[in-house]
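Colleague: Fold the following.
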Amino acid sequence: MKIAMVGSGYVGLVSGACFADFGHDVVCIDKDQSKIDRLHAGIMPIYEPGLDALVDSNVKAGRLSFTTDLGEGIAGAAAIFIAVGTPSRRGDGHADLTFVYEVAREVGEKLANDAVIVTKSTVPVGTGDEVERIIRVTGTAHKVSVVSNPEFLREGAAIGDFKRPDRIVIGAEDDFGREVMREVYRPLFL
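Modeller: Residues are numbered from 1 along each chain as shown. Model (predicted):
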C-alpha cells in the first residue's frame, strides 16, 4: 500500500520509517527543502535511537522516499497522514491548527485518487470535521474519508512504541476509512 506522510518531523519521520519497515511504500513530504536534502543525504533532523539505520535500510529497499512536492507525494496514496506541528498559540495556549488546515486544503486541491486522510498530529476534538469540510470545499471529486489516529510515542523509545504498541486508536466513521486503516496496520496482526 502507498502511504503519504505529510510532515517529516518527529511523528512523521518515525511513523513513515516504521510503516516502510512494515512493507508499505511510504513518501515523507515536507515543505522544508533543506530538511528533505538532509534526509536524502542520510542526515536525520531529529535524534531517535535506531532511526538513522531504519531510514537507511528502508530507503535502500525502495520503500521510503522524501519530497517537497505534495502533489507528487500523495499521488496514488491510499492513506495520507497529516503529521505537521500544532504548536501552542501565543496568549491562550490552544493548539495552532494553521498547518493542519493548510495541508487539508492542499491535499484537497491536489488529490488525484480516492484516499483516507489521517490526522496523526495532536489536535483537539472536532478537528477532523473541519479537515473534512476544508477538503470538501476544494471540490475534489474523489472519495475521501477523514480518520483520526493519534500517536503515543515516547522520545527515546518511539520505534519500539510504534512497532510494539500497547494500543492503536483509530476514529473512523465509515467502512472505507476502517478498511484502509486495517490494511495500514495489518502487519501488527501477523
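Colleague: Just give the number of residues close to G91.
Modeller: Residues near G91, counting by other Cβ atoms under 10 Å, number 6. From N, CA and C alone the C-beta is placed, and that goes for glycine too.
Colleague: try the one 5 residues further on
Modeller: Neighbouring residues of D96 were enumerated by other Cβ under 10 Å; the total is 14.
Colleague: what's the answer for R38, then?
Modeller: R38 has 15 nearby residues by other Cβ under 10 Å.
Colleague: Kindly list the main-chain dihedrals of it?
Modeller: R38 adopts backbone torsions of phi -60, psi -40, taken as degrees, to the nearest 10.
Colleague: so what pLDDT did it get?
Modeller: We have a pLDDT of 96 for R38.
Colleague: show me what contacts it?
Modeller: Residues in contact with R38 (Cβ atoms under 8 Å, 6 or more residues apart in numbering) are 44-45.
Colleague: How about the contacts made by A172?
Modeller: 145, 147-148, 178, 181.
Colleague: Could you look up the SS state of the residue most central in space within the chain?
Modeller: With distances taken as Cα atoms, centre = their mean, F81 lies nearest the centre of the chain, 2.8 Å away. Following DSSP: H, G, I helix; E, B strand; the rest coil, the label given to F81 is strand.
Colleague: again with V118
Modeller: Of the three states, V118 takes strand under three-state DSSP.
Colleague: can you count the residues close to it?
Modeller: Count around V118 with other Cβ under 10 Å applied: 30.
Colleague: who's the closest residue to T86 other than its chain neighbours bridged to?
Modeller: Spatially, and ignoring its direct neighbours in sequence, T86 is nearest to A95 (4.3 Å; Cβ to Cβ, 6 or more residues apart in numbering). Beta bridges link A95 to S88 when assigned by DSSP bridges.
Colleague: Could you verify my assumption that A95 touches T122?
Modeller: Yes. Counting by Cβ atoms under 8 Å, T122 is a contact partner of A95 at 6.9 Å.
Colleague: and for those two, which residues touch both?
Modeller: With Cβ under 8 Å, 6+ apart, A95 and T122 have common neighbours T86.
Colleague: Do you know the pLDDT at the residue nearest to T86?
Modeller: For A95, the predicted pLDDT is 82.
Colleague: got the contact list for it?
Modeller: Residues counted as contacts of A95 (Cβ under 8 Å, 6+ apart) are 86-89, 122-124.
Colleague: Quickly name whichever of the residues you listed is closest to G108.
Modeller: Using Cβ to Cβ, V123 comes nearest to G108 of the contacts of A95, at 17.3 Å.
Colleague: neighbours of that closest one, just the number please.
Modeller: 18.
Colleague: Pretty sure D161 sits in a helix.
Modeller: Yes. Assessed with three-state DSSP, D161 lies in a helix.
Colleague: Is it in contact with I168, as I believe?
Modeller: No. Contact status for D161 versus I168: not in contact, 10.9 Å apart, counting by Cβ under 8 Å.
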